[in-house]
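Enquirer: Sequence below, structure please.
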Amino acid sequence: MFFKQLNQWFVRVIPNSYHSSTTFRSYTEQSQVGAVLLGVASDLSLGRYRGRLGDSDGPESICRALKKEYKGSPSFPLYDAGIIDELDGLEFNELQALQYQKIVDFFDKGHFPVILGGGHEISISSYQALSDYVNQPKHIAHQLNDNNEEKGRQARVGVINFDAHFELRPTLSPKVGSVFHSIASYCTEHHRPFHYLGLGICNRTNSQSSFEYAEKLGCHWLLDKEMTMRNKKIVQNKIDRFLSEIDYIHISFDLSVFSATVASGVNLSRVQGVEWSIVEYALKRIISSGKVKILDVVELNPEFDYEDQTARIAAKVVSTVLSKQAML
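Expert: You can find the predicted model right below:
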């Protein structure tokens with residue numbers, strides 16, 4: 001079995017008012033458009049290259065917290081598509097292919113995928129699925145040229161990475177810190193532009209060469225010390241400029257963007273981190289654009305998560321995105 005159903009955590013809640021009900025349904029072939037949770041219990045690259053393991057248990061921990069956090073919307077149901085588990089004997093490329101196909105199926109039915117990790121490597125398949133899907137001939141966006149004539153072009157897909165780290169380390173295959181290098185390479189192979197905005201990047205945990213490489217790739221970013229409510233206008237302008245150049249957005253949310261005092265169950269958490277208030281503001285601003293098509297939440301390690309505080313904040317991330325998405 002590739003999937004373990006999450007119904008032990010998800011229950012149907014009887015509506016307690018005219019506007020409030022929460023429904024968690026097992027995903028099959030639903031006709032009503034909604035959001036779909038898919039867990040990817042992978043820390044394959046972490047297991048090979050980093051000593052601190054346990055991220056593969058992240059999806060289950062987030063789901064337990066989400067049951068308590070998410071209020072739901074009758075018009076935007078939340079479906080459970082289970083967990084892809086590396087323990088089922090899948091090689092990394094097989095796990096990636098299965099995740100990719102599941103996401104494409106969700107897109108075909110008009111759903112909003114929420115992918116729960118697991119290590120950050122799960123964002124590779126999420127991006128590839130979105131980029132390939134919207135660049136199918138029947139989905140290719142159009143633009144107006146200087147003569148106001150419609151001209152076909154490839155869809156502009158951007159990734160917004162909430163993270164203390166660029167994740168741009170050049171490697172030949174996916175490894176720790178190389179997720180978005182893999183995605184940039186994929187864009188190059190398919191003759192597509194690479195659009196990247198990093199929010200919460202930490203000066204101390206990224207080398208000078210990482211900053212130089214990010215600049216070479218044309219990436220945009222804000223440092224963690226810039227991500228404050230006092231700088232709300234700066235954050236807003238950075239997000240708005242990026243959104244203006246993009247057709248579709250992939251949000252990749254690495255919980256290491258928070259400090260260890262806020263999110264103890266995160267690998268490589270020795271960073272200043274950002275506060276929830278500015279993260280919530282940024283998420284709502286991004287979702288309001290109507291361009292976000294997929295969300296990943298990654299890097300939760302339950303073994304180090306004191307009193308499930310990281311799982312709870314991960315659930316707040318998902319709940320904030322879905323609540324805003326349901327209003328569009």
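Enquirer: I'd like the distance between the residue nearest to the spatial centre of the chain and I234.
Expert: With distances taken as Cα atoms, centre = their mean, D296 lies nearest the centre of the chain, 2.2 Å away. With distances taken as Cβ to Cβ, to the nearest Å, D296 is found 25 Å from I234. Just so you know, the C-beta spots here come from the backbone N, C-alpha and C atoms, and that holds for glycine as well.
Enquirer: picking that back up, residues touching the residue nearest to the centre of the chain, list them.
Expert: D296 is in contact with V114, I115, L116, G117, I122, S123, S126, H250, I251, S252, F253, counting by Cβ atoms under 8 Å, 6 or more residues apart in numbering.
Enquirer: Flag whichever of these scores worst on pLDDT.
Expert: Within these, G117 has the lowest pLDDT, namely 87.
Enquirer: Excluding sequence neighbours, find me the nearest residue to that one.
Expert: Residue nearest to G117 in three dimensions, not counting chain neighbours: V298, with 3.7 Å by Cβ to Cβ, 6 or more residues apart in numbering.
Enquirer: in the sheet, who's paired with that neighbour?
Expert: Counting by DSSP bridges, V298 is bridged to D254.
Enquirer: Now for it, how many residues are close by?
Expert: The local packing of V298 (other Cβ atoms under 10 Å) involves 31 other residues.
Enquirer: And the strands in this protein?
Expert: Assigned by DSSP state E, the chain shows strands spanning 13-17, 20-22, 24-26, 35-41, 78-85, 112-117, 142-144, 150-152, 157-162, 195-201, 220-223, 248-254, 292-298.
Enquirer: Let me know which of these is the nearest to K67.
Expert: Nearest to K67 among the strands of the chain is strand 24-26 (7.4 Å), distances taken as Cβ to Cβ.
Enquirer: Would you mind pulling up the elements that that closest one packs against?
Expert: Strand 24-26 makes packing contacts with strand 78-85 when contacts are defined by 3 or more Cβ pairs under 8 Å, 6 or more residues apart in numbering; DSSP states H and E.
Enquirer: Fine by me, thanks again.
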